[in-house]
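J.: build me a model:
(one chain, ligands or ions: 1)
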Amino acid sequence: MTTFGYEQSLGYDRRATRLLTGLYRRIATDIDARTTDSATVVDLGTGPGKLLSHLAARRPDLHLHGIDLSPHMIEIARRTLAEHTVELTVADVGDLPHPDASIDLAVSSVSMHEWPDLPTAVTELRRVLRPGGTAGIYDFRFARTREIRRALGAVFGSVDTETVRLPWHPVAVITCYRVTA
Ligand SMILES: C[S@@+](CC[C@H](N)C(=O)[O-])C[C@H]1O[C@@H](n2cnc3c(N)ncnc32)[C@H](O)[C@@H]1O
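T.: Predicted coordinates:
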């Protein structure tokens, strides 16, 4: 499987800052509203760690983790998050480094459409969530939509979906899939 190389990761970091800051703010606001004090949150496919940096600034009480398949993305995320306490790990969503039932909230932003084996990844997601824990998966509205919904539904039963509108974007391009363990 190919992963983001170093130059590609740097390029993505620059583009994400320019194009996706509104999305990161929106997701950080959602997570703020959905987590109790000191909750444990993991960002799956964190890339350069932009979402986590918004979250860490907004909610310094949270225990934050980020995983990504690309060691280059994790290297950049370490720099992005140098001033915050965040556990960053190179890992595949199909084999998460977290113990069973250890996560209160899992999030993912524009990453799930890249995951090669959705059923395995969703089974891992279910394993690491505490009973009652939730996941919010934000991804492009037209990318593998049915496949994502089917994989989440097969493991979690019900899947709530919401079309996410971002300020200044004329067209809504993001769907949030929300599930509860
Ligand atoms: C388009 S980037 C999104 C990064 C970040 N979430 C954001 O919103 O800026 C997709 C990320 O998912 C990661 N990724 C893709 N497949 C993965 C997998 N199987 N396990 C972990 N991370 C994966 C990629 O390495 C990449 O960093």
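
J.: where's whichever residue of the chain sits closest to the ligand relative to E83, distance?
T.: As assessed by CB to the nearest ligand atom, the ligand sits closest to G47 within the chain, at 2.5 Å. Heads up, the C-betas are built off the backbone N, CA and C, glycines and all. G47 sits 18 Å away from E83, going by CB to CB, to the nearest Å.

J.: neighbour count winner among the two?
T.: Taking other CB atoms under 10 Å, G47 and E83 do not tie; G47 has more neighbours (26 against 9).

J.: what about the closest residue in space to that one that isn't next to it in sequence, how many neighbours?
T.: Closest residue to G47 apart from its sequence neighbours, by CB to CB, 6 or more residues apart in numbering: M73 at 5.0 Å. For M73, the count of nearby residues is 28 (other CB under 10 Å).

J.: what does the lengthiest strand in the chain rub up against?
T.: Taking DSSP state E as the assignment, the strand of the chain that covers the most residues is strand 129-140. Residues from elsewhere that reach strand 129-140 (CB atoms under 8 Å, 6 or more residues apart in numbering): 23, 27, 30-31, 34, 101-113, 125, 148, 152, 164, 173-181.

J.: quick check: end-to-end length of stretch 13-30?
T.: One end of stretch 13-30 sits 22 Å from the other (CA to CA, to the nearest Å).

J.: what residues of stretch 10-20 count as buried?
T.: By neighbour count with 16 or more other CB atoms under 10 Å, stretch 10-20 contains the buried residues L10, Y12, D13, A16, L20.

J.: is the ligand contacted by that stretch?
T.: Yes. Interface with the ligand: stretch 10-20 contributes A16, L20 (CB under 6 Å from any ligand atom).

J.: mind listing residues that contact that stretch?
T.: F4, G47, P48, K50, M73, I76, T80, S109, V110.
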